[in-house]
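Visitor: Here is the input, now give the coordinates:
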Amino acid sequence: MNRKNFGQLIEVLRHETAYLRPNNKSFTQKEMAENLGITLRHYGRLERGEVVNIEGELLTKLADAFSLTSRERHEFFYAAGGVSQFAFKQSQDELENLMNKLTRIVKESIFPVFVSDVLGNILLGAKGAMPIVGFDKDEFLELKYPNVLWAPMQIDLSHAFVQEELIRVMIANLRLIRGTSLRYRALHVSKTLFADLEKYPQFKAAWQWVSSDSGMDFEESRVFKQNHPTFDMELAYFSLGSKVVTSWGELFVTTFTPYDEKTFFKFKELKTQYGDEIVQTNARWPYPPKIG
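Guide: Residues are numbered from 1 along each chain as shown. Below you'll find the model as predicted:
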């Protein structure tokens, strides 16, 4: 990212402070300048990308003001270096070959698996994985953003039967997004996604929870015991992921691995029912081109 892009990122993170404040209003530029101990003019130049050399102490104060977690700070300080996103990978993967490899993984896995980007948008998924996420194929493809957050967001959480399990799923998804997406959050697609999520009060509550390092406990999020309303049974599974670093942005391959015998046989039943059918969405990577 160059200085202009970093300035845009600072502006986006300032607006995100609204998620953490009781009045739901983000810090103004004046309030930020006062918190950082700099002039309003200096802060304005930061957001416009006009400051070439930013001192480490000021970067740390910015990270504190934005309540960045430890994982986000790595991304933030990396972005402050002005390094191009395309330098993140040593050599560019050929898009078609990469997607063919990932498609084969999704098809051949005996357990439900899907591929998502840093914003939680699912690019590819085993068709049998869709009911676990909370959608059938047609519902999922109709979504403006086929994002793993939308299932728990759009379900009525006033029902105690599903509330605890779905909130845990939502928290886990937000942990992934908050821990990986910082360098991309100034992009239009990211800002639009977050603007839509702001409409859901449970999103802000969950965002506040994952804004501390204690709320970013990834170990806690690996095992789910979900009273699944579609299957009318408890699913118990590990959610295991691996990161694929590409010149277009990071991708994540997530596999649902059974935690008990009942879940194993349910996943086996889904594999038998759907075979190697996959769902390919119209989600975009943080950088184009469009997939599909």
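
Visitor: drop to CA atoms for contacts and neighbour counts, all remaining ones
Guide: OK.

Visitor: what's in contact with stretch 186-198?
Guide: Asn5, Gln8, Leu9, Val12, Leu119, Tyr145, Tyr184, Arg185, Phe203, Lys204, Pro286 (Cα atoms under 8 Å, 6 or more residues apart in numbering).

Visitor: Neighbour count, pLDDT and secondary structure for those residues - can I get that in TSV?
Guide: As requested, these are exported to TSV (neighbours: other Cα atoms under 10 Å; pLDDT from 0 to 100; DSSP: H, G, I helix; E, B strand; the rest coil):
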residue	neighbour count	pLDDT	secondary structure
Asn5	21	87	helix
Gln8	18	93	helix
Leu9	24	94	helix
Val12	17	95	helix
Leu119	29	85	coil
Tyr145	22	66	coil
Tyr184	22	86	helix
Arg185	23	88	coil
Phe203	21	83	helix
Lys204	17	83	helix
Pro286	23	59	coil
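
Visitor: Can you add distance to Asn100 and give the residues you listed back as CSV?
Guide: Output for those, formatted as CSV (distance: Cα to Cα, whole Å):
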residue, distance to Asn100
Asn5, 32
Gln8, 34
Leu9, 33
Val12, 35
Leu119, 21
Tyr145, 22
Tyr184, 25
Arg185, 28
Phe203, 34
Lys204, 37
Pro286, 19
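
Visitor: ok, so of these, who is nearest Glu47?
Guide: The shortest approach to Glu47 among the contacts of stretch 186-198 belongs to Gln8, at 5.9 Å (Cα to Cα).

Visitor: for the stretch 51-200 of the chain, what spans make up the helices?
Guide: 56-65, 70-80, 95-108, 130-133, 137-142, 150-154, 160-180, 188-197 (DSSP state H, counting those that start in this stretch).

Visitor: Can you tell me which helices and strands the fourth one packs against?
Guide: Meaning helix 130-133. Packing contacts for helix 130-133, counted by 3 or more Cα pairs under 8 Å, 6 or more residues apart in numbering; DSSP states H and E, involve no helix or strand.

Visitor: Next, count neighbours for Arg3.
Guide: 22 (other Cα atoms under 10 Å).

Visitor: in terms of contact, does it touch Asn53 like I think?
Guide: No. Contact criterion Cα atoms under 8 Å: Arg3 and Asn53 do not qualify, at 9.4 Å.

Visitor: circling back: kindly present the helices of the stretch 51-200 of the chain as CSV, with separate columns for mean pLDDT and mean neighbour count.
Guide: Output for those, formatted as CSV (pLDDT from 0 to 100; neighbours: other Cα atoms under 10 Å):
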stretch, mean pLDDT, mean neighbour count
helix 56-65, 94, 15
helix 70-80, 87, 17
helix 95-108, 87, 15
helix 130-133, 81, 18
helix 137-142, 67, 14
helix 150-154, 69, 17
helix 160-180, 72, 19
helix 188-197, 84, 14
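
Visitor: Among the contacts of stretch 186-198, which one lies nearest to Tyr259?
Guide: Closest approach to Tyr259 among the contacts of stretch 186-198 (Cα to Cα): Leu119, at 26.8 Å.

Visitor: Could you double-check that the closest one lies in contact with Ile177?
Guide: Yes. The criterion here is Cα under 8 Å, and Leu119 meets it with Ile177 at 5.6 Å.

Visitor: so after the lengthiest strand in the chain, what's the next helix or strand?
Guide: Ranked by number of residues, the top strand in the chain under DSSP state E is strand 233-244. Using DSSP states H and E, the next helix or strand after strand 233-244 towards the C-terminus is strand 251-258.

Visitor: got the angle between that next one and helix 95-108?
Guide: Relative orientation of strand 251-258 versus helix 95-108 (axes from the mean of the first three to the mean of the last three Cα atoms, to 10 degrees): 0 degrees.

Visitor: Thank you kindly, that will do.
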